[in-house]
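> Curious how this folds, go ahead:
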Amino acid sequence: MAEPKPDVSLKDQGNEFFKAGNYLKAAAIYTQAIKKDPSNPTLYSNRAAAFLNLVKLQKALTDAETTISLNPNWEKGYFRKGCVLEAMERYDDALEAFRIASEHNPQSTEVSRKIKRLTQLSKDKKRSEEVDNMRSNIDLAKHLDSFKSELAQKHVDEESWKAIFSFVVSTMENAVKSWHQTSNVDGRVYFLLDKEKTNTEKYAPLVNIDKAFESPHTHGDCFSFLRQYATDSFSHAACLVAPKSIISYPQVWKGQGPRKWKHVQSDGFFVQFESPLLRKEWFIPSSSEKGQTLCKLELIQCAKVFSRLCVFRRQGSSAVLPQLCFLRSGD
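You can find the predicted model right below:
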(Lines give C-alpha, C1' and ligand atoms only; values in the text may rest on other atoms or scores of the structure.)
Protein backbone atom coordinates (compact mmCIF):
# COMPACT_ATOMS: atom_id res chain seq x y z
CA MET A 1 0.00 0.00 0.00
CA ALA A 2 1.28 3.47 -0.86
CA GLU A 3 1.79 5.93 2.00
CA PRO A 4 -1.16 8.37 2.34
CA LYS A 5 -0.63 11.92 1.16
CA PRO A 6 0.54 14.42 3.83
CA ASP A 7 -2.65 16.48 3.63
CA VAL A 8 -4.87 13.51 4.56
CA SER A 9 -5.96 13.53 8.21
CA LEU A 10 -4.47 11.01 10.62
CA LYS A 11 -7.89 9.44 11.10
CA ASP A 12 -8.28 8.96 7.35
CA GLN A 13 -4.75 7.59 7.10
CA GLY A 14 -5.54 5.09 9.84
CA ASN A 15 -8.73 4.14 8.05
CA GLU A 16 -6.82 3.42 4.86
CA PHE A 17 -4.37 1.14 6.65
CA PHE A 18 -7.29 -0.55 8.43
CA LYS A 19 -9.11 -1.24 5.14
CA ALA A 20 -5.89 -2.70 3.74
CA GLY A 21 -5.65 -5.09 6.67
CA ASN A 22 -2.59 -3.45 8.19
CA TYR A 23 -4.09 -3.22 11.67
CA LEU A 24 -0.81 -2.63 13.46
CA LYS A 25 -0.04 0.44 11.34
CA ALA A 26 -3.65 1.60 11.65
CA ALA A 27 -3.48 1.39 15.46
CA ALA A 28 -0.25 3.37 15.46
CA ILE A 29 -1.79 6.12 13.29
CA TYR A 30 -4.92 6.26 15.44
CA THR A 31 -2.68 6.63 18.50
CA GLN A 32 -1.00 9.65 16.90
CA ALA A 33 -4.41 11.13 16.16
CA ILE A 34 -5.58 10.56 19.75
CA LYS A 35 -2.57 12.46 21.09
CA LYS A 36 -3.68 15.44 19.03
CA ASP A 37 -7.39 15.06 19.78
CA PRO A 38 -7.82 13.02 23.02
CA SER A 39 -11.55 13.76 23.37
CA ASN A 40 -12.58 12.36 19.99
CA PRO A 41 -14.64 9.15 20.58
CA THR A 42 -14.37 8.09 16.92
CA LEU A 43 -10.61 7.70 17.21
CA TYR A 44 -10.90 5.42 20.23
CA SER A 45 -13.62 3.43 18.49
CA ASN A 46 -11.44 2.98 15.41
CA ARG A 47 -8.40 2.00 17.47
CA ALA A 48 -10.54 -0.49 19.43
CA ALA A 49 -11.43 -2.15 16.09
CA ALA A 50 -7.75 -2.30 15.14
CA PHE A 51 -6.76 -3.78 18.52
CA LEU A 52 -9.57 -6.33 18.21
CA ASN A 53 -8.19 -7.53 14.89
CA LEU A 54 -4.73 -7.73 16.47
CA VAL A 55 -6.27 -9.82 19.30
CA LYS A 56 -5.13 -7.27 21.86
CA LEU A 57 -8.42 -7.66 23.61
CA GLN A 58 -7.79 -5.83 26.85
CA LYS A 59 -6.54 -2.77 24.98
CA ALA A 60 -9.53 -2.97 22.65
CA LEU A 61 -11.90 -3.16 25.63
CA THR A 62 -10.29 -0.14 27.25
CA ASP A 63 -10.72 1.89 24.05
CA ALA A 64 -14.33 0.78 23.68
CA GLU A 65 -15.11 1.87 27.23
CA THR A 66 -13.37 5.19 26.63
CA THR A 67 -15.53 5.65 23.53
CA ILE A 68 -18.63 5.13 25.65
CA SER A 69 -17.48 7.53 28.35
CA LEU A 70 -16.83 10.24 25.76
CA ASN A 71 -20.18 9.76 24.01
CA PRO A 72 -22.65 7.65 26.04
CA ASN A 73 -25.40 8.06 23.45
CA TRP A 74 -23.43 6.71 20.49
CA GLU A 75 -24.21 3.07 19.76
CA LYS A 76 -20.79 2.49 18.17
CA GLY A 77 -19.01 2.41 21.53
CA TYR A 78 -21.36 -0.27 22.84
CA PHE A 79 -21.04 -2.18 19.59
CA ARG A 80 -17.25 -2.15 19.86
CA LYS A 81 -17.46 -3.26 23.47
CA GLY A 82 -19.81 -6.08 22.53
CA CYS A 83 -17.48 -7.32 19.80
CA VAL A 84 -14.51 -7.37 22.17
CA LEU A 85 -16.46 -9.17 24.90
CA GLU A 86 -17.64 -11.69 22.31
CA ALA A 87 -14.01 -12.39 21.39
CA MET A 88 -13.31 -12.87 25.11
CA GLU A 89 -16.19 -15.40 25.19
CA ARG A 90 -17.93 -13.27 27.79
CA TYR A 91 -21.20 -13.79 25.99
CA ASP A 92 -23.61 -12.51 28.63
CA ASP A 93 -21.64 -9.27 29.00
CA ALA A 94 -21.43 -8.94 25.22
CA LEU A 95 -25.19 -9.39 24.94
CA GLU A 96 -25.76 -6.57 27.41
CA ALA A 97 -23.50 -4.25 25.40
CA PHE A 98 -25.27 -5.08 22.13
CA ARG A 99 -28.69 -4.56 23.73
CA ILE A 100 -27.67 -1.08 24.84
CA ALA A 101 -26.39 -0.42 21.31
CA SER A 102 -29.78 -1.51 19.99
CA GLU A 103 -31.55 0.91 22.32
CA HIS A 104 -29.57 3.76 20.79
CA ASN A 105 -30.02 2.49 17.23
CA PRO A 106 -32.99 0.09 16.94
CA GLN A 107 -32.73 0.03 13.13
CA SER A 108 -29.27 -1.53 13.10
CA THR A 109 -29.51 -4.95 11.45
CA GLU A 110 -25.88 -5.61 12.35
CA VAL A 111 -26.64 -5.21 16.05
CA SER A 112 -29.76 -7.40 15.71
CA ARG A 113 -27.70 -10.17 14.12
CA LYS A 114 -25.17 -9.92 16.92
CA ILE A 115 -27.88 -10.20 19.57
CA LYS A 116 -29.36 -13.27 17.89
CA ARG A 117 -25.95 -14.93 17.53
CA LEU A 118 -24.84 -14.10 21.07
CA THR A 119 -28.08 -15.36 22.57
CA GLN A 120 -27.42 -18.78 21.04
CA LEU A 121 -23.72 -18.73 21.93
CA SER A 122 -24.59 -17.90 25.53
CA LYS A 123 -27.00 -20.82 25.71
CA ASP A 124 -24.44 -23.17 24.13
CA LYS A 125 -21.71 -22.05 26.51
CA LYS A 126 -23.88 -22.52 29.56
CA ARG A 127 -24.91 -25.98 28.43
CA SER A 128 -21.30 -26.88 27.67
CA GLU A 129 -20.34 -25.79 31.17
CA GLU A 130 -23.18 -27.89 32.58
CA VAL A 131 -21.95 -30.91 30.61
CA ASP A 132 -18.40 -30.37 31.86
CA ASN A 133 -19.71 -30.12 35.40
CA MET A 134 -21.76 -33.31 35.07
CA ARG A 135 -18.79 -35.16 33.58
CA SER A 136 -16.39 -34.08 36.34
CA ASN A 137 -18.71 -34.17 39.37
CA ILE A 138 -19.97 -37.74 39.52
CA ASP A 139 -21.96 -38.53 42.64
CA LEU A 140 -23.91 -41.73 42.22
CA ALA A 141 -24.61 -42.26 45.92
CA LYS A 142 -27.44 -39.71 45.81
CA HIS A 143 -29.11 -41.71 43.02
CA LEU A 144 -29.08 -44.93 45.02
CA ASP A 145 -31.15 -44.06 48.07
CA SER A 146 -33.71 -46.82 47.52
CA PHE A 147 -30.95 -49.38 46.97
CA LYS A 148 -29.24 -48.17 50.14
CA SER A 149 -32.45 -48.63 52.10
CA GLU A 150 -32.89 -52.16 50.75
CA LEU A 151 -29.35 -53.04 51.75
CA ALA A 152 -29.94 -51.74 55.26
CA GLN A 153 -33.11 -53.82 55.54
CA LYS A 154 -31.50 -57.00 54.24
CA HIS A 155 -28.27 -56.74 56.23
CA VAL A 156 -28.59 -56.39 59.98
CA ASP A 157 -24.90 -55.60 60.35
CA GLU A 158 -24.49 -51.87 59.57
CA GLU A 159 -20.78 -52.18 58.81
CA SER A 160 -21.52 -54.91 56.30
CA TRP A 161 -24.17 -53.07 54.26
CA LYS A 162 -22.21 -49.83 54.31
CA ALA A 163 -19.17 -51.64 52.92
CA ILE A 164 -21.30 -53.17 50.16
CA PHE A 165 -22.92 -49.83 49.32
CA SER A 166 -19.53 -48.14 49.11
CA PHE A 167 -18.28 -50.96 46.88
CA VAL A 168 -21.22 -50.57 44.46
CA VAL A 169 -20.94 -46.76 44.31
CA SER A 170 -17.19 -46.93 43.68
CA THR A 171 -17.61 -49.54 40.94
CA MET A 172 -20.31 -47.52 39.19
CA GLU A 173 -18.46 -44.22 39.43
CA ASN A 174 -15.27 -45.74 38.02
CA ALA A 175 -17.29 -47.17 35.14
CA VAL A 176 -18.86 -43.77 34.41
CA LYS A 177 -15.44 -42.10 34.46
CA SER A 178 -14.10 -44.70 32.04
CA TRP A 179 -17.07 -44.17 29.75
CA HIS A 180 -16.56 -40.41 29.78
CA GLN A 181 -12.91 -40.84 28.83
CA THR A 182 -13.18 -43.60 26.22
CA SER A 183 -16.90 -44.09 25.47
CA ASN A 184 -16.46 -47.64 26.70
CA VAL A 185 -16.10 -49.84 29.76
CA ASP A 186 -14.47 -53.25 30.05
CA GLY A 187 -16.81 -56.17 30.58
CA ARG A 188 -15.90 -57.27 34.09
CA VAL A 189 -17.23 -58.65 37.34
CA TYR A 190 -15.87 -56.92 40.44
CA PHE A 191 -15.83 -58.84 43.72
CA LEU A 192 -15.97 -57.55 47.28
CA LEU A 193 -13.51 -59.97 48.81
CA ASP A 194 -13.33 -61.00 52.45
CA LYS A 195 -10.38 -59.22 54.04
CA GLU A 196 -9.65 -62.13 56.39
CA LYS A 197 -10.62 -65.25 54.44
CA THR A 198 -9.78 -64.54 50.79
CA ASN A 199 -6.49 -65.85 49.44
CA THR A 200 -5.55 -62.66 47.55
CA GLU A 201 -2.60 -64.37 45.87
CA LYS A 202 -5.05 -66.67 44.11
CA TYR A 203 -8.15 -64.54 43.77
CA ALA A 204 -8.21 -61.07 42.24
CA PRO A 205 -11.01 -58.57 42.94
CA LEU A 206 -12.10 -58.62 39.28
CA VAL A 207 -12.69 -61.08 36.45
CA ASN A 208 -12.87 -60.16 32.76
CA ILE A 209 -16.07 -61.34 31.04
CA ASP A 210 -15.73 -59.72 27.61
CA LYS A 211 -16.61 -63.04 25.89
CA ALA A 212 -19.41 -64.06 28.27
CA PHE A 213 -22.32 -62.84 26.13
CA GLU A 214 -21.20 -64.13 22.74
CA SER A 215 -23.24 -67.34 22.75
CA PRO A 216 -25.25 -69.69 24.99
CA HIS A 217 -22.15 -71.83 25.39
CA THR A 218 -19.82 -69.05 26.58
CA HIS A 219 -22.60 -67.65 28.77
CA GLY A 220 -23.12 -70.98 30.51
CA ASP A 221 -19.41 -71.53 31.06
CA CYS A 222 -18.96 -68.04 32.50
CA PHE A 223 -21.97 -68.45 34.77
CA SER A 224 -20.55 -71.63 36.31
CA PHE A 225 -17.08 -70.14 36.67
CA LEU A 226 -18.27 -66.98 38.40
CA ARG A 227 -20.42 -68.86 40.89
CA GLN A 228 -17.51 -71.08 41.85
CA TYR A 229 -15.17 -68.07 41.98
CA ALA A 230 -17.50 -66.24 44.37
CA THR A 231 -17.69 -69.26 46.65
CA ASP A 232 -13.98 -70.05 46.67
CA SER A 233 -12.93 -66.41 47.17
CA PHE A 234 -15.41 -65.85 50.04
CA SER A 235 -16.80 -62.80 48.25
CA HIS A 236 -19.47 -60.78 50.03
CA ALA A 237 -20.87 -59.25 46.85
CA ALA A 238 -20.21 -58.83 43.14
CA CYS A 239 -20.85 -56.12 40.59
CA LEU A 240 -21.02 -56.92 36.89
CA VAL A 241 -20.32 -54.11 34.42
CA ALA A 242 -21.03 -54.80 30.76
CA PRO A 243 -21.27 -52.37 27.82
CA LYS A 244 -24.37 -52.94 25.76
CA SER A 245 -22.17 -53.40 22.69
CA ILE A 246 -20.66 -56.71 23.88
CA ILE A 247 -23.98 -58.43 24.53
CA SER A 248 -24.50 -60.48 21.42
CA TYR A 249 -26.57 -63.12 23.18
CA PRO A 250 -29.37 -62.77 24.00
CA GLN A 251 -30.21 -59.26 22.75
CA VAL A 252 -33.61 -59.24 24.37
CA TRP A 253 -34.15 -55.55 23.57
CA LYS A 254 -34.78 -56.64 20.00
CA GLY A 255 -38.16 -57.96 21.09
CA GLN A 256 -41.37 -56.62 19.59
CA GLY A 257 -44.60 -55.26 21.00
CA PRO A 258 -44.89 -55.45 24.79
CA ARG A 259 -41.52 -57.19 24.98
CA LYS A 260 -39.71 -54.28 23.32
CA TRP A 261 -37.42 -52.33 25.64
CA LYS A 262 -38.12 -48.59 25.54
CA HIS A 263 -34.41 -47.71 25.83
CA VAL A 264 -33.45 -49.76 22.79
CA GLN A 265 -31.83 -46.84 20.95
CA SER A 266 -29.64 -45.72 23.85
CA ASP A 267 -25.97 -46.57 24.03
CA GLY A 268 -24.55 -47.24 27.47
CA PHE A 269 -23.74 -50.03 29.88
CA PHE A 270 -25.37 -52.37 32.36
CA VAL A 271 -24.51 -52.79 36.01
CA GLN A 272 -25.71 -55.88 37.87
CA PHE A 273 -25.24 -56.13 41.62
CA GLU A 274 -25.38 -59.47 43.38
CA SER A 275 -25.10 -60.63 46.96
CA PRO A 276 -26.54 -63.66 48.72
CA LEU A 277 -29.45 -61.46 49.90
CA LEU A 278 -30.11 -59.02 47.08
CA ARG A 279 -29.86 -58.56 43.33
CA LYS A 280 -30.25 -55.35 41.33
CA GLU A 281 -29.78 -54.41 37.69
CA TRP A 282 -29.37 -50.95 36.20
CA PHE A 283 -28.76 -49.50 32.78
CA ILE A 284 -26.77 -46.26 32.53
CA PRO A 285 -27.54 -44.60 29.18
CA SER A 286 -25.06 -42.46 27.30
CA SER A 287 -25.32 -39.65 24.78
CA SER A 288 -23.04 -37.24 22.95
CA GLU A 289 -23.51 -33.59 23.80
CA LYS A 290 -21.43 -30.57 22.88
CA GLY A 291 -18.88 -32.93 21.37
CA GLN A 292 -18.47 -34.87 24.62
CA THR A 293 -19.67 -38.24 25.84
CA LEU A 294 -22.05 -37.91 28.75
CA CYS A 295 -23.58 -40.59 30.94
CA LYS A 296 -27.09 -39.74 32.02
CA LEU A 297 -27.12 -40.71 35.65
CA GLU A 298 -30.70 -41.86 35.51
CA LEU A 299 -29.82 -45.35 36.75
CA ILE A 300 -32.66 -47.01 34.91
CA GLN A 301 -33.63 -50.04 36.95
CA CYS A 302 -33.85 -53.09 34.74
CA ALA A 303 -35.97 -56.04 35.67
CA LYS A 304 -34.71 -58.91 33.53
CA VAL A 305 -33.27 -56.75 30.78
CA PHE A 306 -30.46 -58.98 29.67
CA SER A 307 -29.04 -62.44 30.28
CA ARG A 308 -27.97 -62.48 33.90
CA LEU A 309 -24.82 -64.10 35.13
CA CYS A 310 -26.08 -65.28 38.50
CA VAL A 311 -23.15 -65.42 40.87
CA PHE A 312 -24.67 -66.16 44.26
CA ARG A 313 -27.19 -68.66 45.52
CA ARG A 314 -29.88 -67.11 47.67
CA GLN A 315 -29.45 -67.86 51.35
CA GLY A 316 -31.91 -70.43 52.60
CA SER A 317 -32.40 -71.95 49.18
CA SER A 318 -30.54 -74.79 47.51
CA ALA A 319 -32.16 -74.17 44.13
CA VAL A 320 -29.90 -73.01 41.35
CA LEU A 321 -30.97 -69.59 40.11
CA PRO A 322 -32.07 -69.42 36.45
CA GLN A 323 -29.33 -68.47 34.05
CA LEU A 324 -31.51 -66.66 31.56
CA CYS A 325 -33.92 -63.87 32.43
CA PHE A 326 -35.86 -61.97 29.84
CA LEU A 327 -37.40 -58.57 29.45
CA ARG A 328 -40.77 -57.99 31.06
CA SER A 329 -43.42 -55.77 29.57
CA GLY A 330 -43.10 -52.18 30.77
CA ASP A 331 -39.43 -52.38 31.82
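
> Tell me if I'm right that residue 41 and residue 67 touch.
Yes: using Cβ atoms under 8 Å, residue 41 is in contact with residue 67, at 4.6 Å. (Glycine included, C-beta is placed from N, CA and C.)

> and those two? which has more neighbours close in?
A count of neighbours by other Cβ atoms under 10 Å puts residue 67 above the other of residue 41 and residue 67, at 26 against 18.

> how close does the more buried one get to residue 80?
Using Cβ to Cβ, to the nearest Å, one obtains 6 Å as the distance from residue 67 to residue 80.

> so what sits against both of these two?
Overlap of the contact sets of residue 67 and residue 80 (by Cβ atoms under 8 Å, 6 or more residues apart in numbering) consists of 45, 48.

> Common neighbours of residue 41 and residue 67, please.
Overlap of the contact sets of residue 41 and residue 67 (by Cβ under 8 Å, 6+ apart) consists of 74, 76-77.

> Out of the residues you listed, give me the one that has the most neighbours.
Counting by other Cβ under 10 Å, top hit in the shared contacts of residue 41 and residue 67: residue 77 with 28 neighbours.

> Verify the stated contact: that residue with residue 67.
Yes: Residue 77 is within contact range of residue 67, at 3.5 Å (criterion: Cβ under 8 Å).

> got the buried residues for the longest strand belonging to the chain?
As assigned by DSSP state E, the longest strand anywhere in the chain is strand 279-289. Neighbour-count burial for strand 279-289, with 16 or more other Cβ atoms under 10 Å as criterion, is recorded at 279-286.

> export these to TSV and tack on pLDDT?
Converted to TSV, the buried residues of strand 279-289 look like this (pLDDT from 0 to 100):
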residue	pLDDT
279	88
280	89
281	87
282	89
283	88
284	90
285	89
286	89
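
> Let me know the closest of the residues you listed to residue 87.
residue 286 (34.1 Å; Cβ to Cβ).

> how close does that closest one get to residue 179?
6 Å.

> what is in contact with these two at once?
Residues within reach of residue 286 and of residue 179 at once, by Cβ under 8 Å, 6+ apart, are 268-269, 293, 295.

> ok, residue 78 to residue 29 distance?
Taking Cβ to Cβ, one finds residue 78 at 24 Å from residue 29.

> for residue 91, that is, sorry about that
32 Å.

> sorry, back to before: so of the shared contacts of residue 41 and residue 67, which ones are in helices?
76-77 (DSSP state H).

> Take the shared contacts of residue 41 and residue 67 and write them to TSV, including distance to residue 218 and pLDDT.
Putting those into TSV (distance: Cβ to Cβ, whole Å; pLDDT from 0 to 100) gives the following:
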residue	distance to residue 218	pLDDT
74	75	96
76	72	96
77	71	97
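
> closest to residue 12 among the shared contacts of residue 41 and residue 67?
Distances from residue 12 to those, taken by Cβ to Cβ, are shortest for residue 76, at 17.3 Å.

> hmm, which two among the buried residues of strand 279-289 are most spread apart?
It's 279 and 286 that sit farthest apart of the buried residues of strand 279-289, by Cβ to Cβ, at 23.6 Å.

> give the contact list for the residue nearest to the spatial centre of the chain.
By Cα atoms, centre = their mean, the mean C-alpha position of the chain lies nearest to residue 131, the distance being 3.6 Å. Going by Cβ under 8 Å, 6+ apart, residue 131 touches 289-290, 292, 294.

> Grab the nearest non-local neighbour of residue 180.
Nearest residue to residue 180, sequence neighbours excluded (Cβ to Cβ, 6 or more residues apart in numbering): residue 135, at 5.1 Å.

> Give me the mean pLDDT for the host helix or strand of the one you found.
Assigned by DSSP states H and E, residue 135 falls within helix 109-136. What helix 109-136 shows for mean pLDDT is 90.

> From the chain's centroid, how far away is it?
Its chain's C-alpha centre and that of helix 109-136 lie 16 Å apart, by Cα atoms, centre = their mean, to the nearest Å.

> Name the residues of that helix that are buried.
111, 114-115, 118, 121-122, 125, 131, 134-135.

> do the same with stretch 226-238
For stretch 226-238, a neighbour-count test (16+ other Cβ under 10 Å) marks 226-227, 229-230, 233, 235-238 as buried.

> Fine, thanks again, bye for now.
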